[in-house]
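J.: Below is the sequence, then the predicted model.
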Amino acid sequence: MLQGNFFKGLGYLGEGFGLIRQPGLRLFVIVPLILNILLFVALFWLLAEVFALMIAGLMAWLPDWTWLQAMDWLFWILYGAVVLLLFAYGFVIMANLIGSPFYGFLSEQTERYLTGQEVSEEGGWMLILKDVPRALWREVQKIAYYLPRALVLFAIGLIPVVNLVAAVLWFIFNCWMMSLQYVDYPADNHRVSFPALRRRLGARRLSALGFGLPVALLAMVPVVNLFVVPAAVCGATAFWVKEPDPTALVRH
């Protein structure tokens with residue numbers, strides 16, 4: 001039986017957008033945001049250059065008289081659709097890899113703001129630098145969890161008729177992954193292992209899916225997804241603080 005509150009889960013991202021405006025948290029939002037903007041611009045430029053070369057090569061291959069020569073604008077529309085899909089999750093994954101040390105500290109400061117209690121005795125920029133290897137390893141664990149399941153869903157999507165169900169499963173899975181992705185930051189701050197985090201969210205699955213739903217949707221909106229990442233970190237921290245833990249957490 002599914003437990004949790006789906007509609008309460010929906011509200012955590014909105015709470016996260018409110019939290020990133022707090023004076024004590026802004027600095028840890030601005031630095032990774034600048035990095036994400038640079039990443040966004042670099043990826044957009046690189047993809048545009050590659051796609052322009054592909055279109056030029058295709059146009060050169062086509063005979064001059066073909067009506068397709070005048071349809072290069074259609075290929076640019078296709079490019080826009082591809083970029084949208086790529087940025088939906090590829091950008092989020094890369095942004096999390098780059099900003100993971102900052103997001104861990106942002107989550108810690110958010111929890112302190114919400115509870116008034118210190119999460120750890122250490123703090124500051126030296127802690128961020130020291131935690132880089134562990135933060136990156138947590139991101140690798142999440143990618144390793146995601147890829148085999150994504151491949152299974154991709155294979156299901158190749159089967160006629162069944163692929164209609166696969167589209168729904170894809171979206172539900174991405175909502176679940178968004179919840180796992182961001183609640184992992186406060187979990188890691190408390191030294192909760194990734195398997196233990198999955199059990200904890202599994203016991204509050206409706207709340208987790210409710211939180212992941214708006215994150216997954218807004219991740220598909222270019223520019224907006226730049227701000228979704230820090231807001232999701234803060235919202236996930238509020239989820240961690242306010243959702244009861246019905247499991248015996250295994251700490252590493």
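T.: It's in.
J.: contacts, neighbours, all on C-alpha from now
T.: Will do.
J.: So what's the residue count around Leu217?
T.: Residues within reach of Leu217, counting by other Cα atoms under 10 Å, total 14.
J.: From Cys175, how far off is it?
T.: For Leu217, the distance to Cys175 (Cα to Cα, to the nearest Å) stands at 9 Å.
J.: and if you look at Trp240?
T.: Taking Cα to Cα, one finds Trp240 at 17 Å from Cys175.
J.: Those two: which has the busier surroundings?
T.: Cys175 (22 against 19).
J.: Please tell me how far the closest residue to Met178 other than its chain neighbours sits from Phe194.
T.: Closest residue in space to Met178, ignoring its immediate chain neighbours: Gly212 at 5.0 Å, by Cα to Cα, 6 or more residues apart in numbering. Distance, Gly212 to Phe194, by Cα to Cα: 17 Å.
J.: of those two, who's got more company?
T.: It is Gly212, of Gly212 and Phe194, that has more neighbours when counted by other Cα under 10 Å, with 29 against 20.
J.: check contacts around the more buried one.
T.: 10, 174-179 (Cα atoms under 8 Å, 6 or more residues apart in numbering).
J.: same thing with Ala135?
T.: So Ala135 contacts 100-101, 104 (Cα under 8 Å, 6+ apart).
J.: what helix or strand is the residue nearest to Met178 on?
T.: Element membership for Gly212, per DSSP states H and E: helix 205-218.
J.: so how far is that helix from its chain's centroid?
T.: Remark: helix 205-218 is offset 11 Å from the chain centroid, using Cα atoms, centre = their mean, to the nearest Å.
J.: Return the set of buried residues in it.
T.: By neighbour count on 16 or more other Cα atoms under 10 Å, the buried set for helix 205-218 is 205-216, 218.
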